[in-house]
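J.: coordinates only, no sequence provided:
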């Protein structure tokens with residue numbers, strides 16, 4: 001009886017072992033078959049796999065240990081007002097409130113930055129063989145970035161990618177998310193101490209284009225005499241033909257002669273430029289007459305102060321650095337008052353820098369501060385490149401931008417920032433297409449429209465006029 005019992009137990013154990021062995025063999029054959037024979041890819045989305053979904057499909061995360069070890073933890077806000085906001089961008093635009101606009105185009109440095117980080121993200125994906133394949137970028141679906149004062153610049157990108165396959169029909173499309181951090185440099189590498197004390201009596205030679213009204217000219221010259229330091233000079237460029245917006249620049253000469261006699265010790269002179277308004281020709285003629293000094297280019301409709309002159313002295317370095325201040329453009333004072341929101345006082349100071357009184361002229365590069373030698377060489381190169389071009393027409397609206405780009409290409413340290421001490425005062429512009437070429441006529445209309453007022457103010461004026469008509 002005992003012998004029969006032990007036989008049953010041994011038989012049961014043997015059958016159990018054989019059943020388990022058979023199960024493992026069948027499971028192994030099923031997994032390898034789904035990959036090899038059913039063409040299942042271990043990297044595809046399970047919903048897109050042809051045949052049986054792969055058991056190995058799933059999310060994969062790769063973190064560089066070296067990078068992670070030297071990246072600081074992000075700043076931890078103590079409340080909602082301390083949160084570092086993410087900026088959202090796509091392939092063409094940046095979405096945020098920038099200069100009062102909810103959407104701005106990706107241009108300049110921002111465009112280059114987003115393209116660079118997108119390419120780095122794709123290279124990182126392929127270097128780590130994400131999901132077992134090599135990928136091509138199809139498009140950027142979503143992009144987010146923020147700058148943390150303790151951590152660096154943080155990026156989060158959703159890339160639409162397509163796998164590289166021998167046959168096009170085998171390619172797989174999917175979306176991969178990449179999180180990257182561009183950390184700040186170590187303190188010992190990112191901080192440098194430079195002794196760059198500017199002498200208080202460094203000469204500044206102001207070169208201004210005289211195109212506008214007699215009132216603007218007199219106001220500008222008077223301001224210069226009030227702020228003039230020892231050895232500072234003012235040179236104005238007068239045009240024999242039309243001014244910037246079709247005005248008669250030459251008619252200012254009698255009034256300028258009177259101002260020179262009024263301020264005999266202020267080092268004021270002018271040069272005659274043949275032909276119509278030309279920013280490049282005026283700069284070329286003016287710089288040739290300048291001595292070894294710092295040149296500040298302005299126009300007679302500008303208002304400036306001591307702080308601008310001091311920053312010109314401090315920021316410009318011979319053969320190394322130039323300064324392009326961004327001026328604040330004043331709106332039409334009448335529109336400022338009429339378009340003021342309900343509940344706000346209308347008699348505001350028109351010289352204050354607020355969203356009601358003006359805007360930063362970020363697309364204007366006509367105001368520059370540089371050493372005369374640096375500016376002279378840049379103008380000569382610009383004239384040389386213009387003479388070699390098949391189309392030798394260079395609009396005066398592009399000269400400042402061309403100089404800016406030229407200094408960048410020459411590896412100058414170009415400082416471009418808003419300048420609170422530089423304001424373009426409002427002057428009425430009359431655009432007459434009879435005296436202006438098509439391109440300059442359009443420039444005149446855009447300039448006149450920008451100087452009128454902000455969009456909310458113009459809307460308020462428009463609605464008020466409609467309401468008054470109904471009454």
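T.: Right, received. Where do you want to start? Computed from a predicted structure; not experimentally measured.
J.: below-threshold pLDDT in the stretch 1-150 of the chain: ranges please.
T.: 1-70, 99-100 (pLDDT under 70).
J.: let's see 50
T.: 21-59, 65-67 (pLDDT under 50).
J.: show me where it has helices.
T.: 2-36, 65-69, 108-127 (DSSP state H, counting those that start in this stretch).
J.: got it, and the stretch 351-471 of the chain?
T.: Under DSSP H, counting those that start in this stretch, the stretch 351-471 of the chain gives helices at 372-388, 399-409, 438-452, 455-470.
J.: what lies in contact with the longest one?
T.: Which is helix 372-388. With Cβ atoms under 8 Å, 6 or more residues apart in numbering as the test, helix 372-388 has contacts from 205, 280, 283-284, 287-288, 290-295, 318-319, 322, 368, 370, 392, 394, 399, 402-403, 406-407, 410, 412. Backbone N, C-alpha and C define where each C-beta goes, glycine included.
J.: which of those residues count as buried?
T.: Neighbour counting with 16 or more other Cβ atoms under 10 Å marks 205, 280, 283-284, 287, 290, 293-295, 322, 368, 370, 394, 399, 402-403, 406-407, 412 as buried within those.
J.: those in strands, which ones?
T.: Taking DSSP state E as the definition of strands, the buried ones among the contacts of helix 372-388 contribute 205, 294-295, 322, 368, 370.
J.: leaving aside the residues next to it on the chain, what's closest to residue 178?
T.: Nearest non-adjacent residue to residue 178, counting by Cβ to Cβ, 6 or more residues apart in numbering: residue 121, 4.0 Å away.
J.: what of residue 324?
T.: residue 416 (4.3 Å).
J.: do the same with residue 98
T.: residue 104 (5.0 Å).
J.: and for the residue nearest to residue 431 when sequence neighbours are not counted, the neighbour number?
T.: Nearest residue to residue 431, sequence neighbours excluded (Cβ to Cβ, 6+ apart): residue 444, at 3.9 Å. Residues lying near residue 444 (other Cβ atoms under 10 Å) number 21.
J.: from residue 277, how far off is residue 444?
T.: 11 Å (Cβ to Cβ, to the nearest Å).
J.: sketch out the low-pLDDT regions of the stretch 201-350 of the chain for me.
T.: Using pLDDT under 50, nothing in the stretch 201-350 of the chain is flagged.
J.: could you pull out the helices in it for me?
T.: 214-227, 253-262, 279-288, 306-315, 333-338.
J.: packing partners of the last one?
T.: Under the contact definition 3 or more Cβ pairs under 8 Å, 6 or more residues apart in numbering; DSSP states H and E, helix 333-338 sits against helix 455-470.
J.: how about the longest one?
T.: Taking 3+ Cβ pairs under 8 Å, 6+ apart as contact, the helices and strands that helix 214-227 lies on are strand 233-239, helix 253-262, strand 302-304.
J.: with the second one instead?
T.: Contact here means 3+ Cβ pairs under 8 Å, 6+ apart; on that basis helix 253-262 packs against helix 214-227, strand 233-239, strand 268-273.
J.: partners of the last one, with directions?
T.: Strand 268-273 pairs in its sheet with strand 233-239 (parallel), by DSSP bridges.
J.: got the angle for the strand it pairs with vs helix 279-288?
T.: 140 degrees (axes from the mean of the first three to the mean of the last three Cα atoms, to 10 degrees).
J.: how distant is strand 233-239 from the center of its chain?
T.: Averaging C-alpha positions (Cα atoms, centre = their mean, to the nearest Å) puts strand 233-239 32 Å from its chain's average.
J.: ok, stretch 222-235 next?
T.: In terms of Cα atoms, centre = their mean, the centre of stretch 222-235 is found 34 Å from the chain centre.
J.: how long is it from one end to the other?
T.: This stretch, stretch 222-235, spans 14 Å end to end (Cα to Cα, to the nearest Å).
J.: repeat for stretch 446-459
T.: So stretch 446-459: terminal residues 18 Å apart, Cα to Cα.
J.: first-to-last residue distance for stretch 255-273?
T.: 17 Å.
J.: scratch that, stretch 329-346
T.: End to end - Cα to Cα - stretch 329-346 spans 19 Å.
J.: which residues touch the closest residue to residue 82 other than its chain neighbours?
T.: Nearest residue to residue 82, sequence neighbours excluded (Cβ to Cβ, 6+ apart): residue 75, at 7.8 Å. By Cβ under 8 Å, 6+ apart, the contact set of residue 75 is 82, 84, 148-151.
J.: most neighbours out of the residues you listed, which is it?
T.: residue 151 leads these on contacts (other Cβ under 10 Å) with 18 neighbours.
J.: just the pLDDT for it.
T.: Here, the pLDDT recorded for residue 151 equals 81.
J.: next: residue 395.
T.: At residue 395, pLDDT is 57.
J.: what's the answer for residue 191, then?
T.: 52.
J.: if I look at residue 259, how far off is residue 218?
T.: For residue 259, the distance to residue 218 - Cβ to Cβ - is 6 Å.
J.: quick one: which of these two has more around it?
T.: Between residue 259 and residue 218, residue 259 has the larger neighbour count (other Cβ under 10 Å), namely 21 against 17.
J.: mind listing what the more buried one touches?
T.: Residue 259 neighbours (Cβ under 8 Å, 6+ apart): 217-218, 221, 268.
J.: so which of those would you say is closest to residue 337?
T.: Closest approach to residue 337 among these (Cβ to Cβ): residue 218, at 25.0 Å.
J.: I'd assumed residue 451 was in contact with residue 458.
T.: No. Using Cβ atoms under 8 Å, residue 458 is not in contact with residue 451, being 11.6 Å away.
J.: picking up where we left off before, what about the residue nearest to residue 324, neighbour count?
T.: 15.
J.: correct me, but it touches residue 326?
T.: Yes. Assessed by Cβ under 8 Å, residue 416 is found in contact with residue 326 at 6.5 Å.
J.: pLDDT wise, what is the residue nearest to residue 431 at?
T.: For residue 444, pLDDT reads 81.
J.: now it: how far from residue 453?
T.: Distance from residue 444 to residue 453, by Cβ to Cβ: 18 Å.
J.: what of residue 223?
T.: Residue 223 is 25 Å from residue 453, where distance means Cβ to Cβ.
J.: format the contacts of residue 259 as a markdown table; extra columns: distance to residue 331.
T.: Listed next are those as a markdown table, based on distance: Cβ to Cβ, whole Å:
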| residue | distance to residue 331 |
| --- | --- |
| 217 | 22 |
| 218 | 22 |
| 221 | 24 |
| 268 | 30 |
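J.: and the contacts of the lengthiest strand in the chain?
T.: Counting by DSSP E, the longest strand found in the chain is strand 135-148. Residues outside strand 135-148 that contact it (Cβ under 8 Å, 6+ apart): 74-75, 84-91, 114, 117-119, 122, 125-126, 153-164, 173, 175-176.
J.: okay, buried residues for that strand please.
T.: 135, 137, 140, 143, 145-146, 148.
J.: do the same with stretch 410-424
T.: 412, 414, 419, 421-424.
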